[in-house]
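Visitor: need a structure here:
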Amino acid sequence: MKEVGGYIEKQVAYLSGGRGEDSSVIITLPECSAFSDIPEEALAKVFTYLTLIPRQPGVKFIIILDRRLDTWASIKTALARIASFPGNLHLVLVLRPTSFFHRTVTDIGFRFSQEDFMLKMPVVMLSSVTDLLRYINENQLTSEFGGTLDYCHSDWIVLRTAIESFAVTVKDIAQMLQGFGTELAETELPDEGKAIERLLESQTDKYRKLKDAIRSVSKEGRHLLSSLETSEKEDDSQWDVKLLAQLRDMESAFDGFFEKHHLKLHQYLQLLRYEHSFQEMELCLEHLMAQERELSVSVDTLAQTEQALKRLDSLESNAQEVVARAQIIILHGHQLSASHHYAMALIMQRCNELRHYCDTLNAALKTKHSRLLHTHQLLLCLGQAQTWCDNGAYLLANQLVEKSQSKEGAQAALKDIEKLLEGMPSLLSSGPDILAIEYEAVLTPQLQVRSHYHVMRELIETERIYVEELLSVLLGYRAEMDNPALSGLLPPILRSKRDILFGNMPEIYNFHSRVFLQDLEGCLEAPEGVGACFLERKESFQMYECYCQNKPRSEALWRQFSDCAFFQECQKKLEHKLGLDSYLLKPVQRLTKYQLLLKELLKYSTDCEGTSELQGALTAMLDLLKSVNDSMHQIAITGYEGDICELGRVLMQGSFSVWISHKKGPTRMKELARFKPMQRHLFLYERALLLCKRREEHGDGCDKTPSYSFKHYLKMTAVGITENVKGDVKKFEIWYSGREEVYVVQAPTLEVKTAWLNELRRILTNQQKMLRGLTKAHLLASFVALNCCFSENMRYGQKL
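Guide: Numbers count the residues shown, from 1 in each chain. Next up, the predicted model:
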């Protein structure tokens with residue numbers, strides 16, 4: 001209306017509200033002297049504006065062109081301009097000039113130009129107003145055309161302006177609601193309760209203001225609808241009704257959205273407060289649990305026990321108060337969950353955590369209270385027993401032997417002893433076994449704690465001694481090889497072989513002195529961390545494998561030069577009672593000692609913190625010992641021409657009875673006919689399986705060492721297994737190259753067979769996974785290469 005308002009006010013064209021046939025909307029173009037002066041663009045906007053007012057889909061239009069007081073030239077110009085009408089133009093009714101001259105000119109002009117106009121639009125030339133009635137009913141025509149339809153142009157402009165203003169207001173309201181919704185969605189929620197309360201208050205205030213604006217606009221729309229219904233403007237009334245319905249829908253959606261947002265924000269505030277309460281309570285409970293852990297029940301005297309009971313009573317009193325508050329928080333959490341809080345899962349988790357804290361604390365306090373009461377009772381009984389024993393000793397010491405020489409004196413002495421025995425405390429009359437059962441809850445944990453402490457002390461003390469012994473060997477023997485004063489005592493060949501004699505002992509010393517000893521010393525006050533200490537340094541312990549593999553060469557060198565004056569002089573200076581060979585054995589002994597100490601620690605760490613790590617550490621050390629043992633056997637393999645390091649780590653080794661069958665040409669040669677199996681020592685690597693024959697070297701005592709003659713090599717990628725063989729549960733099959741060769745293996749025990757099958761199965765499974773991965777990669781690479789080749793061929797074809 002703003003853009004065409006001036007032309008509408010001049011009544012260039014208007015909608016009277018009348019309808020023609022097929023409910024076609026009538027647009028009237030009354031007499032207007034300035035019609036020809038209106039710019040084309042402005043007239044197009046007027047027509048477009050008028051066609052947009054009716055809201056029915058596919059609506060048709062009838063134009064009444066009133067030119068009764070005008071000329072043919074004016075009609076011709078008007079028709080030419082109407083030809084660009086933007087709507088679905090059904091009919092143009094032209095009221096021709098009434099004067100005789102202009103009517104005659106019009107008839108002649110229209111007769112010659114009729115085809116031009118008819119091609120563009122249906123035009124009917126009317127001689128009078130009466131002719132309009134043939135096309136439009138009288139009640140659809142205004143009074144100026146002899147009809148009865150009431151129409152006031154100024155009133156229409158006022159109502160139209162009001163309708164459009166109402167529509168703009170509704171649109172503004174929609175934008176305001178959308179903007180407010182975006183603001184709510186994008187507002188970052190604070191982490192402080194007061195800030196959330198202020199945010200809730202601010203958003204609620206904005207919501208109420210928007211609600212007031214919606215109510216005001218709705219009131220305006222209803223008032224406008226009443227005016228339209230009074231003036232019987234059906235089309236405009238329907239449009240206003242649609243706007244009001246749209247406003248109601250927006251208000252309903254807005255109310256629902258804000259209600260959900262307000263509820264969520266309120267629940268967020270509840271969650272924040274609940275989380276704050278939970279964290280405060282968690283700190284209180286953790287503090288109480290720390291106090292409970294600090295309260296020792298390892299007491300030795302009655303006074304210590306009574307003091308511990310007083311502290312425990314005070315702690316229990318505080319705990320009851322805190323647990324009661326925790327129960328209130330748990331109850332509040334259940335109430336929030338019952339109200340369908342959006343964070344119900346988290347709240348229930350917090351409730352369960354608090355309940356677990358309370359149950360754990362109460363159980364620990366109850367256990368300690370019971371243990372202290374038992375300890376108190378035991379110490380009381382021990383005190384009574386001690387007093388009774390002292391009285392007995394005093395009685396016996398004061399009985400004179402001379403008095404016992406007479407019958408009366410002996411009877412009196414016996415009477416005193418019987419009286420003393422009658423007052424014997426129940427503790428002494430029960431016996432040690434009954435006492436151990438009755439006070440097991442008191443005695444066992446204390447003994448367990450003390451035993452655990454003693455093992456930890458032994459672990460650390462022996463580690464210190466071990467480090468000192470390694471240092472004494474490195475300084476007193478190895479470093480002395482560079483001492484010019486002793487060069488005359490040292491055979492030249494020995495100086496160049498000191499790395500063989502001592503192996504990687506310097507590396508072992510550096511690790512233990514600089515790292516591991518300090519780690520262990522840190523565990524004295526926190527013994528639960530000793531398992532993690534071993535696990536953390538698990539990779540570093542692999543250096544022992546290198547030391548043990550070198551040990552046979554070291555021992556052989558020692559046996560060759562053990563009588564050397566250099567070693568005797570060094571031993572004398574160090575004041576060692578044992579020779580160097582005993583100290584070179586220390587790393588091997590220490591490795592074995594670790595697993596023994598870890599077993600002891602595990603025995604005294606039942607249901608304690610760090611038990612799982614301790615078990616892991618023991619497993620790791622046992623695996624290391626097995627790996628060292630396997631590698632010691634590996635270095636005794638002879639006759640293998642390849643690089644044994646390329647086979648990977650040795651995983652298993654052991655002696656088995658083996659029968660071999662294989663195919664040669666078209667016939668099958670069986671060696672299973674041999675009743676006596678071959679004895680073979682098997683070495684399982686990551687990439688191969690070696691079959692060797694064990695041979696004992698000739699020699700005496702320690703000089704007699706085994707060796708393994710290489711016999712067969714089986715590549716693991718060509719190996720398959722059959723887990724069960726008929727006739728013996730300890731047998732299994734290893735077949736090679738699609739059963740070209742079959743090895744029936746008999747293990748010494750069923751446990752050994754199971755262990756080997758598990759390891760073989762693991763290797764073969766990993767190989768299959770790796771093969772599938774390589775196959776996929778190869779197929780993908782082939783597909784990419786094929787694609788590239790296809791693309792190149794396509795480009796070459798396009799060039800041709």
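
Visitor: tell me how far the residue nearest the centre of the chain lies from Leu283.
Guide: In the chain, the residue lying closest to the centroid (C-alpha atoms, centre = their mean) is Leu346, at 15.7 Å. Leu346 sits 19 Å away from Leu283, going by C-beta to C-beta, to the nearest Å. C-beta here means a position set from N, CA and C on the backbone, and glycine is covered the same way.

Visitor: sorry, back to before: how about the residue nearest to the centre of the chain, phi and psi?
Guide: Backbone dihedrals for Leu346, given as degrees, to the nearest 10, come out at phi -70, psi -40.

Visitor: which one is it nearest to, not counting chain neighbours?
Guide: Leu271 (7.5 Å; C-beta to C-beta, 6 or more residues apart in numbering).

Visitor: where in the stretch 601-750 of the chain is pLDDT low?
Guide: 606-607, 663-675, 697-705 (pLDDT under 70).

Visitor: all helices for it, in order.
Guide: 611-634, 750-799 (DSSP state H, counting those that start in this stretch).

Visitor: with the stretch 201-350 of the chain instead?
Guide: Applying DSSP H, counting those that start in this stretch to the stretch 201-350 of the chain gives helices spanning 234-294, 302-338, 344-398.

Visitor: helices or strands next to the last one in the packing?
Guide: Counting by 3 or more C-beta pairs under 8 Å, 6 or more residues apart in numbering; DSSP states H and E, the packing neighbours recorded for helix 344-398 are helix 234-294, helix 302-338, helix 407-422, helix 426-430, helix 440-473.

Visitor: and those, which one's lowest on average pLDDT?
Guide: Ranked by mean pLDDT, the helices and strands packed on helix 344-398 end with helix 426-430 at the bottom, a mean of 63.

Visitor: if we can go back for a sec, how near is the residue nearest to the centre of the chain to His261?
Guide: 20 Å.

Visitor: what is the neighbour count of Gln549?
Guide: 16 (other C-beta atoms under 10 Å).

Visitor: and it, its phi and psi?
Guide: Backbone phi and psi, for Gln549 under degrees, to the nearest 10, turn out to be phi -60, psi -30.

Visitor: do you know how far it is from Gln595?
Guide: Distance from Gln549 to Gln595, by C-beta to C-beta: 19 Å.

Visitor: outline the domain layout of this protein.
Guide: If you go by automatic domain parsing, the domain ranges for the chain are 5-151, 161-275, 295-390, 444-631, 637-664+675-780.

Visitor: of all these, which lies closest to Glu418?
Guide: domain 295-390 (14.1 Å; C-beta to C-beta).

Visitor: next one: the closest one to chain centre, how far?
Guide: How far domain 295-390 lies from its chain's middle: 34 Å, per C-alpha atoms, centre = their mean, to the nearest Å.

Visitor: do stretch 257-275 as well
Guide: Counting by C-alpha atoms, centre = their mean, stretch 257-275 comes out at 26 Å from the chain centroid.

Visitor: now swap in stretch 514-521 and tell me
Guide: For stretch 514-521, the distance to the chain centre is 34 Å (C-alpha atoms, centre = their mean).

Visitor: quick one: buried residues of that stretch?
Guide: Neighbour counts over stretch 514-521 (16 or more other C-beta atoms under 10 Å) mark 516-517, 519-520 as buried.

Visitor: tell me the one of these nearest Ala385?
Guide: Leu520 (41.4 Å).

Visitor: isn't the closest one up against Phe534?
Guide: No. Using C-beta atoms under 8 Å, Leu520 is not in contact with Phe534; the gap is 9.3 Å.

Visitor: how near is Arg772 to Ile500?
Guide: 46 Å.

Visitor: who are the contact partners of Arg130?
Guide: If you look again at residue 130, you'll see it is Thr, not Arg. By C-beta atoms under 8 Å, 6 or more residues apart in numbering, the residues touching Thr130 are Gly146.

Visitor: got it, and the one 10 residues further on?
Guide: Taking C-beta under 8 Å, 6+ apart as the definition of contact, the neighbours of Gln140 are 18-20, 26, 147, 149.

Visitor: who wins on neighbours among those?
Guide: Counting by other C-beta under 10 Å, top hit in the contacts of Gln140: Ile26 with 24 neighbours.

Visitor: so what's that one bridging to?
Guide: Listed by DSSP bridges, the beta-bridge partners for Ile26 are Ile62.

Visitor: what's the closest non-adjacent residue to Glu469?
Guide: Using C-beta to C-beta, 6+ apart, the closest residue to Glu469 is Lys586 (5.7 Å).

Visitor: the one you found against Glu468, yeah?
Guide: No. Judged on C-beta under 8 Å, Lys586 makes no contact with Glu468 at a distance of 10.7 Å.

Visitor: ok, those two, which is more surrounded?
Guide: Between Lys586 and Glu468, Lys586 has the larger neighbour count (other C-beta under 10 Å), namely 17 against 11.

Visitor: list the contacts for that one?
Guide: 466, 469-470, 473.

Visitor: tell me how many other residues crowd Glu316.
Guide: Residues lying near Glu316 (other C-beta under 10 Å) number 19.

Visitor: for the one 10 residues further on, same thing?
Guide: Other residues lying near Ala326 total 23 when counted by other C-beta under 10 Å.
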